[in-house]
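A.B. asks: from the sequence below, what's the structure:
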Amino acid sequence: MTSTQLSLREPDAALGLLNSRRDVGRRIRRGVLCLLPACVIAFAGFQRRWMSDDGHIYVRTVRQILAGNGPVFNAGERAESSTGTLWQWLLVLAGLPGIDIARAAMYGGLLLTAAGFAFASLGALRLYADKAVLPLGCLVLLALPPVWDFATSGLETGLATCWIAGAWLLLVTRAHSPVTCVILGLGPLVRPDLALVSAVFLGAQWLMVQPSRRATFGGLGAALALPVAYEIFRVGYYGQLMPLPGVTKEASQSLWGRGFGYLVDFGEPYLLWMPALFLLAALLPSAAQRRDAAPLVPAPLVPAPLVPAPLVSAPLVPALAPVVAGLLCWGYVIKVGGDFMHGRMFLPGLLLMLLPVFLVPLTRAWTIAAVGIGIWAVACAGWLRMPYEGRIGPGGVADERGVYVQQNAAAHPLHHDFAGYPSNMAWARLVRDADRAGTPSLFLARTPAAANSPTVTGVYSTLGFSGTVVPLNGAALDPIGLAYPLAAHSERINGRVGHDKRLPDTWIFADRGRGALPEGLDPAGVAAARRALGCGPLAELRAATRDPMTPGRFLRNVTGVWERTSFRFPNDPVQAERKLCGR
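C.D. replies: Next up is the predicted model:
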């Protein structure tokens with residue numbers, strides 16, 4: 001090889017080395033952008049780590065499973081108190097080696113939330129291919145205190161974050177396999193209302209792939225296999241079409257006014273209209289640029305073969321699908337009247353709507369929007385807060401974490417002892433003293449247990465705490481009905497959102513009590529309630545949840561599930577007796 005050839009090749013080698021270094025630098029920058037949001041939310045969530053009372057509802061059910069009593073809240077009564085089915089069974093797996101379940105729920109939720117943010121970043125990087133990107137939508141989520149709070153809490157929110165972002169990543173990568181379909185179909189097992197997300201994502205996958213009819217039915221079968229199998233188990237074992245909280249909160253009814261109030265409660269304190277305006281201002285010129293850049297292709301002289309055109313442009317599908325799913329989730333939350341936890345139920349929908357702009361291309365319009373949202377994010381994270389921190393607001397919505405921090409007198413409450421709330425501490429002492437003394441029944445709120453109960457029974461509205469204090473072979477009953485089928489099927493009253501059922505003591509004594517009538521209860525009302533409990537749908541409800549589980553009982557639960565789930569009875573025992581017994 002001549003010296004002239006060597007000198008010609010040296011610039012090519014140098015250029016290749018330079019390009020290689022640039023490629024490595026670009027990958028490092030993209031990797032940092034991918035991991036940074038996950039690290040920030042992990043740090044913020046850890047700083048505000050806590051366990052909610054509803055998280056302890058999961059813990060008791062998991063303890064019952066591990067004790068061999070089945071997936072129930074109280075031994076001897078089949079009630080599904082866990083809204084997030086998949087989260088419940090993941091906690092069972094965590095508890096098998098002896099890990100503290102509450103601790104696993106708190107830190108497991110944090111890890112899943114961080115993983116979800118990493119998946120969202122990866123999806124955005126794939127969506128915009130090799131373009132340089134900058135953070136945008138992630139800034140909105142990272143600035144909101146409710147996102148920090150529910151990164152832990154022991155609830156299924158972390159799992160929902162991870163599943164939503166992971167499913168979207170599969171959608172962006174155009175993955176199509178039976179395993180992909182199974183993952184996309186997990187929504188109703190993560191949380192029943194996320195079935196909306198599964199439906200939209202599966203439809204989006206079909207639009208992008210356009211599979212054959214055989215492949216379509218195969219993918220649909222794979223997606224539905226686990227949810228349908230578990231629904232068959234649910235209706236046969238529990239005798240209900242949905243988890244019991246869905247019955248007690250009347251998930252099929254509409255409370256639009258209360259729902260819009262919940263939206264205002266979430267959006268107003270943090271001035272969420274500001275990042276929304278920046279997003280819209282950036283989206284409009286971006287859409288115009290895409291339209292103007294579309295090349296004009298002349299019609300061919302020879303007609304092309306007839307090929308069915310896709311209903312939506314394939315590159316747009318993974319960008320539009322999460323927005324549609326997020327809007328549907330928000331619409332459902334508003335329809336059912338919202339929730340009692342500040343912001344919690346809007347978080348999955350907000351994440352969905354921000355996924356396509358979690359990271360955005362480095363353009364002038366997006367840079368201006370990122371700067372504006374960044375300034376808002378600093379103000380939101382530093383100063384903007386709800387007006388009722390640490391309390392329940394005037395509309396019944398609570399700063400849930402703040403309430404339990406104060407009531408437990410702990411910055412990071414895990415196993416609630418309510419050291420800052422004397423009423424709960426006194427109630428816990430009563431339960432423990434009664435259990436140590438072997439008292440077969442505990443009179444709390446004038447509601448004792450059956451005389452032949454093996455251990456103490458307590459009735460208390462703070463159900464997770466009650467489930468922690470009352471032994472597993474006892475009964476922790478809540479008049480709201482989150483884990484008590486009789487209360488769940490009572491009629492709604494005018495009350496706080498999520499707590500607008502309250503079974504009168506008369507019914508609970510008639511159902512569980514024996515011996516002398518407690519002072520203050522109406523004997524005629526108790527007698528009427530006992531007669532009503534033996535009539536028609538009420539008798540069937542008790543049999544469906546308390547009779548021994550046999551093949552015949554399973555089949556009867558399945559065949560009568562629709563009528564049983566929709567059945568409600570009057571709170572007044574005399575009216576209920578007339579209605580059910582014909583007297």
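A.B. asks: number of residues surrounding His415?
C.D. replies: A total of 13 residues lie near His415 under the criterion other Cβ atoms under 10 Å. Every residue, glycine included, has its C-beta placed from N, CA and C.
A.B. asks: what do you get for Asp522?
C.D. replies: 15.
A.B. asks: how far away from the center of its chain is stretch 191-211?
C.D. replies: In terms of Cα atoms, centre = their mean, to the nearest Å, the centre of stretch 191-211 is found 18 Å from the chain centre.
A.B. asks: one more: stretch 136-148?
C.D. replies: Taking mean C-alpha positions (Cα atoms, centre = their mean), stretch 136-148 and its chain are 17 Å apart.
A.B. asks: and the gap between Ser461 and Pro37?
C.D. replies: Using Cβ to Cβ, to the nearest Å, one gets 38 Å for the distance from Ser461 to Pro37.
A.B. asks: looking at those two, which is more packed in?
C.D. replies: When Ser461 and Pro37 are compared on other Cβ under 10 Å, the one with more neighbours turns out to be Pro37, at 24 against 14.
A.B. asks: quick check: that one touching Phe119?
C.D. replies: No: counting by Cβ atoms under 8 Å, Pro37 stays clear of Phe119, with 10.5 Å between them.
A.B. asks: can I see the domain layout of the protein?
C.D. replies: As given by automatic domain parsing, the domain ranges for the chain are 21-50+82-289+313-382, 422-581.
A.B. asks: as JSON lines, those domains with distance to Ala409 and mean pLDDT would be great.
C.D. replies: Output for those, formatted as JSON lines (distance: least, Cβ to Cβ, whole Å; pLDDT from 0 to 100):
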{"stretch": "domain 21-50+82-289+313-382", "distance to Ala409": "13", "mean pLDDT": "93"}
{"stretch": "domain 422-581", "distance to Ala409": "10", "mean pLDDT": "85"}
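A.B. asks: a markdown table for these, including distance to Val72?
C.D. replies: Written out in a markdown table, the entries for these read as follows (distance: least, Cβ to Cβ, whole Å):
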| stretch | distance to Val72 |
| --- | --- |
| domain 21-50+82-289+313-382 | 9 |
| domain 422-581 | 9 |
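A.B. asks: which one of the ones you listed lies nearest to Gly396?
C.D. replies: Closest approach to Gly396 among these is made by domain 422-581 (3.7 Å; Cβ to Cβ).
A.B. asks: please enumerate the helices of the stretch 151-300 of the chain.
C.D. replies: 157-172, 178-184, 187-190, 195-209, 213-237, 244-248, 256-267, 273-293 (DSSP state H, counting those that start in this stretch).
A.B. asks: quick one: the longest one to chain centroid distance?
C.D. replies: From the chain centre to the centre of helix 213-237 is a distance of 21 Å (Cα atoms, centre = their mean).
A.B. asks: over to the second one?
C.D. replies: Here helix 178-184 shows a centroid-to-chain-centroid distance of 20 Å under the convention Cα atoms, centre = their mean.
A.B. asks: elements contacting that helix?
C.D. replies: Here helix 178-184 is seen to pack against helix 157-172, helix 195-209, helix 213-237 when contacts are counted using 3 or more Cβ pairs under 8 Å, 6 or more residues apart in numbering; DSSP states H and E.
A.B. asks: same check on the longest one?
C.D. replies: Counting contacts by 3+ Cβ pairs under 8 Å, 6+ apart, the secondary-structure elements packed against helix 213-237 are helix 178-184, helix 187-190, helix 195-209, helix 551-559.
A.B. asks: which stretches of the stretch 51-200 of the chain form strands?
C.D. replies: When assigned using DSSP state E, counting those that start in this stretch, the strands of the stretch 51-200 of the chain occupy the ranges 133-135.
A.B. asks: quick check: Thr85 vs Glu77, distance?
C.D. replies: When distance is defined by Cβ to Cβ, Thr85 is 19 Å away from Glu77.
A.B. asks: okay, the two: which has more neighbours?
C.D. replies: Thr85 (24 against 16).
A.B. asks: what's the nearest residue to that one if we skip its chain neighbours?
C.D. replies: Leaving aside its sequence neighbours, Thr85 sits nearest to Leu189 (Cβ to Cβ, 6 or more residues apart in numbering; 4.7 Å).
A.B. asks: how about the one you found, what does it touch?
C.D. replies: Contact partners of Leu189, counting by Cβ atoms under 8 Å, 6 or more residues apart in numbering, are Gly84, Thr85, Leu86, Leu226, Pro227, Tyr230.
A.B. asks: greatest separation within the residues you listed: which pair is it?
C.D. replies: With distances taken as Cβ to Cβ, the most widely separated pair in the contacts of Leu189 is Gly84 and Leu226, at 14.1 Å.
A.B. asks: who has more neighbours, the two?
C.D. replies: Neighbour tally, Gly84 and Leu226, criterion other Cβ under 10 Å: the higher count belongs to Gly84, 21 against 16.
A.B. asks: next, count neighbours for Ser566.
C.D. replies: Counted with other Cβ under 10 Å, residues neighbouring Ser566 total 12.
A.B. asks: Leu541 versus that one, what's the distance?
C.D. replies: Computed with Cβ to Cβ, the distance linking Ser566 and Leu541 is 12 Å.
A.B. asks: re earlier: for the helices of the stretch 151-300 of the chain, which one sits closest to Tyr404?
C.D. replies: Nearest of those (Cβ to Cβ): helix 157-172, 15.5 Å.
A.B. asks: got the angle for the closest one vs helix 195-209?
C.D. replies: Angle between the axes of helix 157-172 and helix 195-209 is 10 degrees (criterion: axes from the mean of the first three to the mean of the last three Cα atoms, to 10 degrees).
A.B. asks: and helix 157-172, what does it pack onto?
C.D. replies: helix 85-95, helix 101-127, helix 178-184, helix 187-190, helix 195-209, helix 317-335, helix 347-354.
A.B. asks: Ala410 is nearest to which of the domains of the chain?
C.D. replies: Shortest distance between Ala410 and these, using Cβ to Cβ, is found for domain 21-50+82-289+313-382: 8.5 Å.
A.B. asks: how far does the closest one sit from the chain's center?
C.D. replies: Put simply, domain 21-50+82-289+313-382 sits 10 Å off its chain's centre (Cα atoms, centre = their mean).
A.B. asks: may I see the helices and strands packed on helix 157-172 organised as CSV, with distance to Thr455 added?
C.D. replies: As requested, the helices and strands packed on helix 157-172 are arranged in CSV below (distance: least, Cβ to Cβ, whole Å):
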stretch, distance to Thr455
helix 85-95, 22
helix 101-127, 21
helix 178-184, 42
helix 187-190, 33
helix 195-209, 38
helix 317-335, 39
helix 347-354, 39
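A.B. asks: so which of the helices and strands packed on helix 178-184 is the most surrounded?
C.D. replies: Compared across the helices and strands packed on helix 178-184, helix 157-172 shows the largest average neighbour count, a mean of 26 (mean count of other Cβ atoms under 10 Å).
A.B. asks: export that helix as CSV, just CAs?
C.D. replies: Taking Å, rounded to 0.1, in the frame of the first residue of the first chain, the C-alpha atoms of helix 157-172 are listed here in CSV:
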residue,chain,number,x,y,z
THR,A,157,-51.0,3.1,42.0
GLY,A,158,-47.4,2.2,41.5
LEU,A,159,-48.3,-1.0,39.7
ALA,A,160,-50.8,1.0,37.5
THR,A,161,-48.0,3.5,36.6
CYS,A,162,-45.6,0.7,35.7
TRP,A,163,-48.2,-1.3,33.6
ILE,A,164,-49.5,1.8,31.8
ALA,A,165,-46.0,3.0,30.8
GLY,A,166,-44.8,-0.6,30.0
ALA,A,167,-47.9,-1.3,27.9
TRP,A,168,-47.3,1.9,26.0
LEU,A,169,-43.7,1.0,25.4
LEU,A,170,-44.8,-2.2,23.8
LEU,A,171,-47.2,-0.3,21.6
VAL,A,172,-44.5,2.2,20.5
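A.B. asks: cool, thanks, signing off.
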